[in-house]
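# Next one to model:
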Amino acid sequence: MAMVRVAPLPVDVRCGWLDGRPRSVRLGDEMLPVLAVARVRRELSAYPRSSGPRTLFEIVTPKMRLQLGYRHRDRRWSVEGIDSEGEMARAA
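Numbering: from 1, shown residues only. As a prediction, this is how the structure comes out:
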């Protein structure tokens, strides 16, 4: 199943001290540990002037795959894509 784009949702993300990669994600009242970072895309050269540069992380959690966006200018995290089937469907 493909990643479904969603309207950006604010989310609380805990990151590693040295590398800045996501370690856990809080969606509502549920804390999801990050099992793996599948992809990282840094949009530092070409970006809209109004929003500024961002970095996209595609992460794997026990329940779903998420695409997290980090906006450097605002220093805010958001969920930009969801794949609820993700790795679980491929493993079965």
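# okay, CA-based contacts and neighbour counts for the rest of this
Fine.
# Nearest residue to Lys63 in space, ignoring adjacent ones along the chain?
Ser84 (6.9 Å; Cα to Cα, 6 or more residues apart in numbering).
# How many residues are close by the one you found?
17 (other Cα atoms under 10 Å).
# Would you confirm that it contacts Gln67?
No - when contacts are counted by Cα atoms under 8 Å, Ser84 is not listed as touching Gln67 (11.4 Å).
# What residues does the residue nearest in space to the middle of the chain make contact with?
Closest to where the C-alpha atoms of the chain average out (Cα atoms, centre = their mean) is Leu68, at 1.7 Å. Contact analysis of Leu68 by Cα atoms under 8 Å, 6 or more residues apart in numbering lists Leu56, Phe57, Glu58, Ile59, Trp77, Ser78, Val79, Glu80, Gly81.
# Which of these sits closest to Leu18?
Ranked by distance to Leu18 (Cα to Cα), the contacts of Leu68 are led by Phe57 at 16.3 Å.
# Would you mark the buried spots in the helix or strand where that closest one lies?
Using DSSP states H and E, Phe57 sits within strand 54-60. Residues of strand 54-60 classed as buried: Arg54, Leu56, Phe57, Glu58, Ile59, Val60 (neighbour count, 16 or more other Cα atoms under 10 Å).
# Cool, thanks, talk later.
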